[in-house]
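[1] Need coordinates for the below:
(one chain, ligands or ions: 2)
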Amino acid sequence: MKDLGELTTHCIRCGFCLESCPTFTETASELESPRGRIYLVRSAVEGKLRWQEDVREHLDRCLGCRACETACPSGVEYGSILEMARHRIDTERPPIAKRLLLKSLTSPGALRMSLKLGSLLPGKRIPDAVSHLISGHSAEVNRPIPQQLAPYTTLDEADMPPVRGEVFLLEGCAMRVLFPRVHQATRILLRRVGFAVREAKQGCCGSMDIHNGNVDEGVRLARDLVSSMAGDLPVVVNSAGCGSTMRHYGDLFDGGAAFGDRVTDISEFLLENGLAGALQYSLGLPIAATYHDACHLAHAQKVWQAPRDLIRSIPQLRFEEMAEADTCCGSAGIYNVTQPELARALLERKWRNVEATGAAVVATGNPGCHAWIAQAAEEHGRAVRVFHTAELLEASFRGELPA
Ligand code: SF4
Ligand code: SF4
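    Numbering: from 1, shown residues only. Ligands and ions are numbered 1, 2, ... in the order given. Down below sits the predicted model:
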């Protein structure tokens, strides 16, 4: 097990991380920077500051985006520092409302019920009394219900290559309810490169709890998942937040490391197994598209290139790189509920960068970013559509974007 105090000693206070930190660039406050937060945690570990009164608020305002880790020349493990410090704080004084919120988002049954309720309400927004309780805001925390597109038509097996292997696919919790089509696209693309999905009992991977300090519950969920996907097959993940946690199960419990080594993001897996070549013979898409790096894919898993290489392989598509593509959009798990003002400022910043590319489509690899940026697209007149990378790639084989 890592030692929180020891981890903080790796920071040499050079400040190279400051400009990469969205909360620092928005607030210009040292206490909302990686360097400032590490200093606060270290001081609390040494007993010079109080966890609840002096530290909690500044950790709550951290997105957990880990852009600071990418920028840090000393290899400071900021993500681990944040998770361990949040665990320390929340164990001392459990935040009941936050835990209820986590439960409501990671339980497919509860999330489905919220969607059904929301679809009956004016404005079709997900009601969330818990969110109101946490943030003290009203309109901002009612999330719009993500648009549900028609399911894919099934493909003729005769058009597919022979099956050469099997994988597990994480269906998880929120993705399964909010964007079931992304799992469908993922299965079809895997089949296009010769892989079938071995079915397994599905559940939450624990990432949402682990990122938010509720480590015991997260580890319980993670252990269940590991036992349902036993063996040595690759575990394909299409949700960045989940993949980043699953790769590091070894930091949390015995037996987790071997499982983590099997985890791969869908974009990496498809690229390694020849989808770029297959795309060259697809119908293509005559559009301009851009890509938003989900923080937990780019900064936590260091997966930048694979999605871009795949998207660039789509015939007729013009790829437009976005400014600040790997800067957080403000979604960040439950952040857009608990810190609505900063989340909204970052969403508008992201949206300006999306619009500046002139692209008709923005692709991304995480359900939280997907829903949050789609909300901006909706509010700004629907000139740009938002898809998971897998949906965009599958659209190339069909020669059109989903209606
Ligand atoms: S870049 Fe790394 S070492 Fe430098 S201040 Fe930031 S966290 Fe500390
Ligand atoms: S995780 Fe993101 S928001 Fe938090 S300190 Fe690092 S760069 Fe800033």
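[2] where along the stretch 51-200 of the chain do the helices fall?
    In order along the chain, the stretch 51-200 of the chain carries the following helices (DSSP state H, counting those that start in this stretch): 56-60, 67-71, 78-92, 96-106, 108-120, 129-135, 174-178, 180-192.
[3] go on, the stretch 201-350 of the chain?
    Secondary structure of the stretch 201-350 of the chain by DSSP H, counting those that start in this stretch: the helices cover 207-211, 215-228, 240-247, 256-262, 266-272, 275-280, 295-298, 305-312, 335-338, 340-357.
[4] which non-adjacent residue is nearest Ala360?
    Leaving aside its sequence neighbours, Ala360 sits nearest to Ile287 (CB to CB, 6 or more residues apart in numbering; 4.8 Å). Any C-beta I mention is one placed from the backbone N, CA and C, and that applies to glycine too.
[5] between the helices of the stretch 201-350 of the chain, which gets nearest to ligand 2?
    Closest to ligand 2 of the helices of the stretch 201-350 of the chain is helix 295-298 (CB to the nearest ligand atom; 7.3 Å).
[6] what is the mean pLDDT for the closest one?
    Averaged over helix 295-298, pLDDT sits at 97.
[7] do the same with stretch 344-364
    Taken as a whole, stretch 344-364 has a mean pLDDT of 97.
[8] What of stretch 199-216?
    In this model, stretch 199-216 carries a mean pLDDT of 90.
[9] begin at 13 from here
    Sure, I'll start counting at 13 from here, so that last one is stretch 211-228.
[10] Other residues contacting it?
    The contact list for stretch 211-228, computed with CB atoms under 8 Å, 6 or more residues apart in numbering, reads 76, 95, 98-99, 101-103, 110-111, 114, 117-119, 180, 182-186, 188, 229-234, 236-237, 240-241, 253-254, 256-258, 264, 345-346.
[11] Quick one, which of the residues you listed are buried?
    Restricting the contacts of stretch 211-228 to buried positions leaves 76, 95, 98-99, 101-102, 110-111, 114, 117-119, 180, 182-186, 188, 229-231, 233-234, 237, 241, 253-254, 256-258, 264, 345-346, with burial counted as 16 or more other CB atoms under 10 Å.
[12] Val398 falls within a helix, correct?
    No: counting by DSSP: H, G, I helix; E, B strand; the rest coil, Val398 is not found in a helix; it is strand.
[13] Not counting residues beside it along the chain, what's closest to it?
    Ala386 (4.2 Å).
[14] Would you check how far apart that neighbour and Ser92 are?
    Relative to Ser92, Ala386 is positioned 31 Å away (CB to CB, to the nearest Å).
[15] Counting neighbours, go ahead and name the busier of the two.
    Counting neighbours by other CB atoms under 10 Å for Ala386 and for Ser92 shows that Ala386 has the greater number, 21 against 15.
[16] So the more buried one is in contact with Pro158, correct?
    Yes: in this structure, Ala386 is within contact of Pro158 by CB atoms under 8 Å, at 6.3 Å.
[17] picking up where we left off before, just checking, the residue nearest to Ala372 touches Val373?
    Yes: using CB under 8 Å, Ile299 makes contact with Val373 at a distance of 5.9 Å.
[18] ok, the two, which is more surrounded?
    The neighbour comparison of Ile299 against Val373 (other CB under 10 Å) goes to Val373, with 23 against 17.
[19] Contact partners for the more buried one?
    With CB under 8 Å, 6+ apart, Val373 has these contacts: 299-302, 396-399, 404, 413.
[20] Most neighbours among those, which one?
    Leu404 (27 neighbours).
[21] Tell me the secondary structure at the closest residue in space to that one that isn't next to it in sequence.
    In space, and not counting its chain neighbours, Leu404 is closest to Ala375: 4.6 Å by CB to CB, 6+ apart. At Ala375 the chain is in strand, as set by three-state DSSP.
[22] Up against ligand 1, what does the stretch 63-212 of the chain have?
    80, 83-84, 86, 88 (CB under 6 Å from any ligand atom).
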